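# Please work out how this folds:
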Amino acid sequence: MEQQLASPARPASVYDSNPFSLVMPAWEAFKLAWKPLVMLLLMIVGLVVAAGLVVVVMAKIMPLVGLVLSAAVVVAAIIGAMYVAWMNIAIMLAAIRGRRLELSEARPAGWVQPVKLFLTALLVGLTIVGGLILLIVPGIIFAVWFSYSLYVAVEDNVFGAAAMKRSLHIVKGHFWEVAAANALVGLVNMLYFIPFLGGLVILAVTTVLMPVPLVRYIQLKALPAGSRAETHPANYIVVIVAIIVNVMVNQARLHDLQSRLAAQELEKSSQAY
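The predicted structure is shown next:
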């Protein structure tokens, strides 16, 4: 059953250019809807694990037939994941606005919507990849412009190019604020350097901060058409720091991978002798 939350002192839909102002509304939304969000996360993990096991088993038992069945399993898992993604977006949007939706209330009307959502995500992804091929920068711009396409699809029931066009309309004039809201979650990657527990901490904090980009989406969507406001300097800082952090983390991960591979090769060499 849908539950109403007491109105906060400052509604999440009230626009504030400072990206750090998004954290508290996101936290309040997570507290309201953490149970269904965690259940959806577990469902996604279960889908991935189950699909992976089926593909591996079928490939060993029946290589030829298994290839076809494995492809079918992967497609089914993707559609299932988009079904879960639809519910996840619906629950977070409602929670940010102060309402808690149960899983049964967040489901799409049928399987057609998740398929359309997947096709929309595919179109967005191909557009971004195409932009990255064109000297990288266009891809980054496209990623920000069309970052609200899936939210629009779930909330307004429009898909494909129409959802991308509506996302661009919402983002227009607020590029850095949208980029910073997305990058703010990426800052969590700096926790990778925590010994032993870095990965688990990143997963936990990222889960809590999932609503951050949606808070910005709701704020910008509520603004009058064509409205402009001064961009808070913190938006530029967050984007720049997020880029630096992610470069450092990726380099550290690559170094760790190379170290593990080198250790395995050394172990194989010692066993050979």
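# Please identify the buried residues of stretch 124-135?
Val124, Thr127, Ile128, Gly131 (16 or more other Cβ atoms under 10 Å). Where C-beta positions appear, they are placed from N, C-alpha and C, glycine not excepted.
# Make CSV out of those residues and add pLDDT and secondary structure.
Shown next, in CSV, are those (pLDDT from 0 to 100; DSSP: H, G, I helix; E, B strand; the rest coil):
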residue, pLDDT, secondary structure
Val124, 96, helix
Thr127, 95, helix
Ile128, 94, helix
Gly131, 90, helix
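# if we take the residues you listed, which one ends up nearest to Ser269?
Ile128 (42.3 Å; Cβ to Cβ).
# For the chain, which residues score under the pLDDT cut-off?
Across the chain, the ranges flagged by pLDDT under 70 are 1-12, 58-59, 62-68, 70, 195-198, 226, 271-273.
# Please repeat the previous calculation with a cut-off of 80.
For the chain, residues meeting the criterion pLDDT under 80 lie at 1-13, 47-48, 50-74, 135, 189-204, 225-229, 264, 266-273.
# in it, which spans are helices?
23-61, 63-96, 103-106, 112-133, 137-145, 149-156, 160-171, 175-186, 198-209, 212-222, 233-272 (DSSP state H).
# if we can go back for a sec, tabulate the buried residues of stretch 124-135 (CSV), appending distance to Ala252.
As requested, those are exported to CSV (distance: Cβ to Cβ, whole Å):
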residue, distance to Ala252
Val124, 29
Thr127, 30
Ile128, 25
Gly131, 27
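# For Ser17, which of the helices of the chain is the nearest?
helix 175-186 (5.8 Å).
# which other helices and strands contact that closest one?
helix 137-145, helix 198-209, helix 212-222, helix 233-272 (3 or more Cβ pairs under 8 Å, 6 or more residues apart in numbering; DSSP states H and E).
# Out of the helices of the chain, which is closest to Val14?
helix 212-222 (7.1 Å).
# Quick one: residues contacting the residue most central in space within the chain.
Centroid-nearest residue in the chain: Met210, 7.2 Å away (criterion: Cα atoms, centre = their mean). Contact analysis of Met210 by Cβ atoms under 8 Å, 6 or more residues apart in numbering lists Ala26, Phe30, Leu37, Asn88, Met92, Val185.
# Hmm, the fourth one is touching Leu37, no?
Yes - in this structure, Asn88 is within contact of Leu37 by Cβ atoms under 8 Å, at 6.8 Å.
# Thank you, goodbye.
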